[in-house]
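Undergrad: Sequence first, then the predicted structure, then my questions.
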Amino acid sequence: MLLSYVFDGGMRPIAVGTIWRRLVSKVAMKGVGKDMTKYLNDFQFGVGVSGGAEAILHSVNRVLNLRHVDGSLTMLTVDFLNAFNLVDRSALLREVRLRCPSNSLWVEFLYAHTSRLYLGEGHIMSATGV
């Protein structure tokens, strides 16, 4: 299934997998979730970290409130709106084979080949990103 939304006057696709794909993926991740949390350790706050994104937001707000008065702090915000479409699939597959071999066949099934995303009677091909 392919949904879309309007952003800056243009349409951006949002792919939504079938319920079976999502269910199998959730079950597969249950088996490696704890290992991935250990592996990623302090390098991420979103996956498997309860309240992780909120902790980042509160920390940044605290720093800004402490340092914004003298103008010595500069902050760069990055647009992650399209981040998942920029992921190099070959790098993803290589890391999954190395770090999560038990899930590698499933991830290869999902991302090793171009996918057809249906939109009404038409379709677009998905060749990059995840």
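TA: On my side now, so go ahead.

Undergrad: Only C-alpha atoms from now on, for both contacts and neighbour counts.
TA: Fine.

Undergrad: Could I get the contacting residues of residue 96?
TA: Residue 96 is in contact with 103-104, 107, counting by C-alpha atoms under 8 Å, 6 or more residues apart in numbering.

Undergrad: buried stuff in the longest helix that the chain contains?
TA: Identified as the longest helix of the chain according to DSSP state H is helix 19-40. Neighbour counts using 16 or more other C-alpha atoms under 10 Å place 28-29, 33, 37 of helix 19-40 among the buried residues.

Undergrad: chain center to it: distance?
TA: Relative to its chain's centre, helix 19-40 lies at 13 Å (C-alpha atoms, centre = their mean, to the nearest Å).

Undergrad: before we move on, what about stretch 33-43?
TA: With C-alpha atoms, centre = their mean as the basis, the mean position of stretch 33-43 lies at 15 Å from the chain mean.

Undergrad: now stretch 100-119
TA: Counting by C-alpha atoms, centre = their mean, stretch 100-119 is centred 15 Å from the centre of its parent chain.

Undergrad: Between the two ends of it, how far is it?
TA: 33 Å (C-alpha to C-alpha, to the nearest Å).

Undergrad: Report the rounded mean pLDDT for it.
TA: In this model, stretch 100-119 has an average pLDDT of 88.
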